[in-house]
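> make a model of this:
(2 chains)
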Amino acid sequence: MADYKLLGKNYQTPDLYAKVTGRAKYAEDHRAEGMVFCKLLVSPMPHARVRSIDSSAAEALPGFEGILTYDDVPEATAPGETSLTKEPRYEGEPILAVAAVDEQTAAAAIELIDIDLEPLEFVLDPLDSLRPGGPNARTEGNTMIGRELGEIKWTEADVAGLDAGQISMEAEAGAEWEYGDLAAGFAEADVIIEEHSYHQSLSHQPLESRTTMAYWEGGKLYVYPSVQSTARAVGPMARHAGIEPSDVVLINEFTGGGFGSKGSGYPQAQIPILLSKKIGKPVMMRVTRRDETSFGKARPGVQARIKLGMRRDGRITALDIHAIGDGGPYGRSGDHMNVGVIGSLAYQPVAMRMRGTGVYTNTPPRGAQRAPGGEQSMTMLSPIIQKAAKQLGLDQVEVLKINAPAGQATFGAPGRDGRRSNVSSAFAREAIDKGAELFNWRERVQRSGRRNGSTVTGIGVALSTFAAGASGVDGLFVIKPDGRMYIKSGIGPLGTGSTFDMMRAAAEGVDMPWERCEVAWGNTSRHLPWSCTQGGSSTTHAHTRANWAAALDARQKMQEIAARDLGGSPSDYEIGGERVYRRGNRSQGMSFARAAQRAIDLGGTYDGHELPGDINGMTTASATALAGQGLMGVAKDNFEEGGRRMSFVAGFAEVEVDVETGEIRLVDYAAGCDVGTVIHPKNFEGQVFGGAIQGFSVALSQKWVYDRRWGLLMAKRFYSNRPPGILDVPYEQPMKWGNADLPDPFNPLGAKGIGEAAQGAGSGAVVVAIADALGEENGDFFRSPITRDMILTQLEQAPTGHDRLTAHV
Amino acid sequence: METLGFTLRYKLGLTGTKIGCDRAECGACTVLVDGVPHYSCSLLTHSVRGREVASIEGLEAEDGTLHPMQQAVLEEQGFQCAFCMSGFIMNTVALLNENSSPTRKEAAEWLSGNLCRCADYDKILTSVMRAAEITRGA
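As a prediction, the model looks like this:
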């Protein structure tokens, strides 16, 4: 690992003091002169059409300020989602909004609205919609066929096994890809495992709901949303408002979580924006926990048939998957197909086929949630690989290593030219080794199946991978004559810390002490550059590169200024200690402060009056506003790309399962990573373990339960859908993580992202550990979450009341 | 009839106390009433008449000295999005008043009424252990 002064070191991020003292302003903490509140009228039915609305009584209520209905908002092209709708397609979908002087009055006004709804047919479980004559979630169909909404219905023969929880491998599928000789792969296998598997849908549930406040002033929109990204949220807000991005001022310095659900905005942000425009007053839309659960997005569930062939030496020779994705009513989720894409990378099967269909349902809208499809892949495939390995008497770690990708490994569907994508780097085996060492695998695995009173020990491992970085965005900073460096961050204030951590690449690049740097973030009036989305583990790779590019630009400019003033050529000069100086003679040079003043004197490219032609328009506008203030570092990341950036996390878990109560206790967890350079260890740890713990609750607790007759969600709240609490994790000792410390060769700083892959490592390791504890006879769940009742039912061989694939029970 | 959380946030402008669920499920709104942690979303304001209410804004000393838990969070880079943070910090203040040498297990049990959706529990517990050290003058 290179010897950096800032990268890889712990420090206190600049947002933290405001947070610990309660000064940090999140969306709901903002106030504006004359601000009013809005409340939503949401659908009480899973699918309906509005026949009529009578709001006269509400409008007569003292304190009523205005109403916004579906007639006031632009329509979306199907299968897109609108902010308000005349045809609600899930319980809790907003139909109209009322503004009033205070929230209580707004709520009272909502109660006075007389609305007549015509119930329409609905469907909760994707498999029900695929049956011949089965209900569709949308009047236009149940799936996307190409770019159009259409219908896929399986034949009677296809669904013959469905009541027993069997999906036909050959039934019609909306998408399909294949490589290698699948039949030969299965023929070569010494063991073949074929199972049906169910992965639940689960809500994102950030602790801060997607509250948004908005007002208009001087033709500009001032919007205070709870959103993950900053630069990337401006465009969507402008589209919501029907104005140009340059007329949007977005202020959001602190966001209370998102996990993918608030990436670059959300349709409901349009409600306060348009309501404010309509009534001419600032509008605060405080989103309740119940509303957040309704429209705050969720991870798509997956129902699949999976067939895997393994050779005696542990090599996976064939993998065949038919997956059905629960797509909710809107958008187009690819999670179910990603089960195959990510599986093809993690395990490099010799031959593989992936078939799948995304099916619309009248359940909450889906969106990307931390490793979309990747987490499902690890949770569903890991226990199948474990079962094959056990039947062959092989060590789980060895099997993962035998199949793990290395170098610029290929993965996913073949393109039109038959070629498959490749990664920029994979050091998966090194990650597995690191984790195995931390976890003490060789010794720990001896405890597998050990009985202590009523508890049994289980040991599990899973190798997880997912996308780990965007590229091609911009870096921007100014070194001013006061000798300080002002770095602009357009990433977004999500709490991962990357909006600050990645700015340290710029400081590192010009050898500037961090104490002399100031980061501007979370407010587009502070002249921020174009950024990637704050999500998808994109920022670490994208913004170390972009800020490094900007630093190289500033170095070049300082060297040119020094050569111009002091003689020689730019290459005679070095940068260090806040000075640009002649190589071999530190006294001949000038301070950064002096160079900044000279940049202003010289103008042109030096102080930002002339800008690179390839930077994004947002960066150009920001840099133009900053021109003349000092020496500007500004550049687009044009560094070479060697493939898709993917990081790897090997998760190791020990559990104790109580065979009398069904209770599962997670005793210990360790993670071995391949992420290249770690930028900020403490924030990195937060991602590795935060992701893992969110994975633990996929494995153990989070789910929806529906009233199947009326299509209503019964698990709307934290206590009923069970996100993980502090007692659900190993808490007696800190968990452990380690990194392979092998830099990605295509990032000059070697860094890749971490947040995504961390989750599947946690969920995969835990489901495998539970199966390990209960043995082949009782450990075959292939369903998440694995709850106490499922364990007891299985141990007692009692009927479950539903088949393995049934959704939302 | 209004809740203490509402009064703090909307009448007194003390927005450091967060409302995460409004139904006593998440603990983000935790404040101390006469030193005892309470969910302010589920406590009616009139019921605290004549009692001492402490929110996150009241932890910092007049000279700017932070409470040991605030200091520990800064040192350990505890929490991520931090929407849950003021609730966790206030509950930890109550814990350290009772027990300045908690084990991680005791701290986890004490804080089990607070939810962190970023699931930064490992660093939160490490921060509590560090806060206990600072409290003890270690």
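
> dump the residue contacts of the residue in the stretch 451-600 of chain A that chain B sits nearest to.
The stretch 451-600 of chain A approaches chain B most closely through A:Gly495 (3.3 Å), counting by C-beta to the nearest C-beta. The C-beta positions use only the backbone N, C-alpha and C, and glycine is treated the same way. Taking C-beta atoms under 8 Å, 6 or more residues apart in numbering or on different chains as the criterion, A:Gly495 is in contact with A:254-257, B:79-82, B:118.

> list just the nearest of those residues to A:Glu195.
B:Cys118 (33.1 Å; C-beta to C-beta).

> follow-up on the earlier one: okay if I get the contacts of A:Gly495 as TSV plus distance to A:His322 and pLDDT?
Shown next, in TSV, are the contacts of A:Gly495 (distance: C-beta to C-beta, whole Å; pLDDT from 0 to 100):
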residue	distance to A:His322	pLDDT
A:Phe254	44	98
A:Thr255	38	98
A:Gly256	39	98
A:Gly257	34	97
B:Phe79	42	95
B:Gln80	37	97
B:Cys81	38	98
B:Ala82	43	98
B:Cys118	35	98
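
> closest one to A:Tyr266 out of those, please.
Nearest to A:Tyr266 among the contacts of A:Gly495: A:Thr255, at 12.2 Å, using C-beta to C-beta.

> and the gap between that closest one and chain B?
Distance, A:Thr255 to chain B, using C-beta to the nearest C-beta, to the nearest Å: 6 Å.

> got it, and A:Lys703?
Distance from A:Lys703 to chain B, counting by C-beta to the nearest C-beta: 16 Å.

> do I have it right that that residue meets A:Asn721?
Yes - taking contacts as C-beta atoms under 8 Å, A:Lys703 lies within contact range of A:Asn721: 6.5 Å.

> so what sits against both of those two?
Taking C-beta under 8 Å, 6+ apart as the contact rule, A:Lys703 and A:Asn721 both touch A:202, A:715.

> quick check: which element contains A:Leu400?
In this structure, A:Leu400 sits in helix A:396-403 according to DSSP states H and E.

> following that helix, which helix or strand comes up?
Where DSSP H and E defines the elements, the next helix or strand beyond helix A:396-403 is strand A:410-411.

> what lines up beside that following strand in the sheet?
Next to strand A:410-411 in the sheet, as set by DSSP bridges, lie strand A:421-422 (antiparallel).

> what residues sit buried inside stretch B:86-102?
Residues B:86-96, B:100, B:102 are the ones in stretch B:86-102 that count as buried (16 or more other C-beta atoms under 10 Å in any protein chain shown).

> repeat that for stretch A:584-592.
By neighbour count on 16+ other C-beta under 10 Å, the buried set for stretch A:584-592 is A:589-590, A:592.

> of these, which belong to strands?
Among these, the residues falling in strands (DSSP state E) are A:589-590.

> what's the residue closest to the geometric middle of chain B?
Nearest to the geometric centre of chain B sits B:Met90, at 2.0 Å (C-alpha atoms, centre = their mean).

> leaving out sequence neighbours, find the closest residue to that one.
Of all residues not flanking B:Met90 in the chain, B:Thr30 sits nearest, at 4.8 Å (C-beta to C-beta, 6 or more residues apart in numbering or on different chains).

> quick check, the residue in chain B closest to chain A?
Chain B approaches chain A most closely through B:Gly16 (2.1 Å), counting by C-beta to the nearest C-beta.
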